[in-house]
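# Sequence first, then the predicted structure:
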Amino acid sequence: MSQSPLELRHLQTLAALADTGNLAKAAERLFVTQSALSHQLKALEGHYGAPLFERNTKPLRFTQAGVRLLQLAREVLAQVGEAEREVARWVGGGSGQLRVAVECHTCFDWLMPAMDNFRAHWPEVELDLVSGFLTEPMTLIEQNLADFVVIHDAPAPRPGVVVEKLFSYETVAIVSPRHALAAKPFLTPQDFADETLISYPVADEMLDVMKHFLLPASVRPKRRNAELTAAILQLVASGRGIAALPAWSVLASLEKGYVMAKRLGREGLFCNLYAAMPESLSRKPSMQDFLGKVKAGG
């Protein structure tokens, strides 16, 4: 066999493919095109003379050769990460503080595990949450009141601020199994017109369903607010109204049949989360590691 073509980027590709379950999401995580990622994998398969994963399977399944290389990827990437963290600590890049601000209520479902994971690897960094839910989180970066802000939708460019896409997600309508809308395959904006929308106590422009689905159709349903996701689901289940939440935030309730999810529109409503950070801190090893952990959490 000729010299191995394996590079760190190949190992990162295999790990991303295993974590996300498909080429499109792996490419998104690695900031490359799907075709480039596919070409990279085919080149590896050509070198080894064997497929690395089974095409057109859900969930994605690695072949024996793929499993072995994925095992290598996990081991090597863990060692590389640990070595980089140690070097950063030696040269002073692993200390200081990291203040995190969050624009959305449901972000904590995946953000807290990422923060716990980060603390285990960077004990010298003081990781803190900026209290409260903020309507203008980008200004916190500019005023040096936060170092990492999670926001909906891509913000306008600002000098000295770096923005990174975290991941895409689907916002779905949540209805009681006994609600008349439960029989519909998907909901239209007009379906909300005579309903009560149960949501977090935030402005219309901070709700995906209002900003991207209802307001463009000039639909403004009655609103009822609740602070907690659990309270929103309880109100929906008891027939007090309907809601719209990220699909990943209600999986447990959907699996139990407590409530039902319906797509918003025939094609569904897909939105993005972004992270903003000061340009001066964006390349610090600790910030890059935190960014990676947050992306993986989504």
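That came in fine, so what should we check first?
# Quick check: buried residues in stretch 172-184?
Neighbour-count burial for stretch 172-184 flags Val172, Ala173, Ile174, Val175, Ser176, His179, Leu181 (criterion: 16 or more other C-beta atoms under 10 Å). For every residue, glycine as well, the C-beta is placed using N, CA and C.
# Distance check, Ala73 against Phe118.
For Ala73, the distance to Phe118 (C-beta to C-beta, to the nearest Å) stands at 21 Å.
# circling back: just give me the closest of the buried residues of stretch 172-184 to Ala275.
Among those, Val172 lies closest to Ala275 (C-beta to C-beta), at 23.4 Å.
# Pretty sure that closest one sits in a strand.
Yes: judged by DSSP: H, G, I helix; E, B strand; the rest coil, Val172 forms part of a strand.
# pretty sure it is touching Leu264, no?
Yes: in terms of C-beta atoms under 8 Å, Val172 counts as a neighbour of Leu264; the distance is 6.6 Å.
# How far does stretch 216-228 sit from its chain's centre?
Distance, stretch centre to chain centre, for stretch 216-228: 24 Å (C-alpha atoms, centre = their mean, to the nearest Å).
# okay, how far is it across it, tip to tip?
Its first and final residues considered, stretch 216-228 spans 27 Å by C-alpha to C-alpha, to the nearest Å.
# quick check: mean pLDDT across the longest helix along the chain?
In the chain, taking DSSP state H as the definition, the longest helix is helix 64-90. The average pLDDT within helix 64-90 is 84.
# which residues of the protein fall in helices?
Listed in chain order, the helices of the chain (DSSP H) span 8-20, 23-30, 34-48, 64-90, 108-121, 137-142, 208-209, 229-237, 251-255, 285-297.
# residues near His212, how many?
His212 has 17 neighbours, counted by other C-beta atoms under 10 Å.
# for Ala15, same thing?
Ala15 has 20 neighbouring residues, counting by other C-beta under 10 Å.
# Ramachandran coordinates for His105?
Main-chain dihedrals, His105, degrees, to the nearest 10: phi -70, psi -40.
# per-residue pLDDT, the residue nearest to it when sequence neighbours are not counted?
In space, and not counting its chain neighbours, His105 is closest to Tyr200: 4.7 Å by C-beta to C-beta, 6 or more residues apart in numbering. Tyr200 is assigned a pLDDT of 90 by the prediction.
# Repeat that for Gln3.
At Gln3, the model reports a pLDDT of 64.
# hmm, back to that, out of the helices of the chain, which is closest to Phe270?
Nearest of the helices of the chain to Phe270, taken as C-beta to C-beta: helix 208-209 at 9.4 Å.
# Which residue ranges make up the domains of this protein?
8-89, 94-167+272-297, 168-271 (automatic domain parsing).
# Check these for me: which has the lowest mean pLDDT.
Ranked by mean pLDDT, those bottom out at domain 94-167+272-297, with a mean of 84.
# Looks like Ala27 contacts His39 (just checking).
No: here Ala27 does not reach His39: they are 11.0 Å apart, not a contact under C-beta under 8 Å.
# Neighbour count: these two, which is higher?
The residue with more neighbours, out of Ala27 and His39, is Ala27; 21 against 12, by other C-beta under 10 Å.
# Would you convert the helices of the chain into TSV that also reports distance to Thr196?
Output for those, formatted as TSV (distance: least, C-beta to C-beta, whole Å):
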stretch	distance to Thr196
helix 8-20	36
helix 23-30	35
helix 34-48	41
helix 64-90	48
helix 108-121	24
helix 137-142	28
helix 208-209	13
helix 229-237	9
helix 251-255	19
helix 285-297	32
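# Most tightly packed of those?
helix 208-209 (a mean of 24; mean count of other C-beta atoms under 10 Å).
# From the chain's centroid, how far away is it?
That offset, for helix 208-209, works out to 16 Å (C-alpha atoms, centre = their mean).
# That one packs against which elements?
In this structure, helix 208-209 packs against strand 161-175, strand 269-278, with contacts taken as 3 or more C-beta pairs under 8 Å, 6 or more residues apart in numbering; DSSP states H and E.
# Sounds good, over and out.
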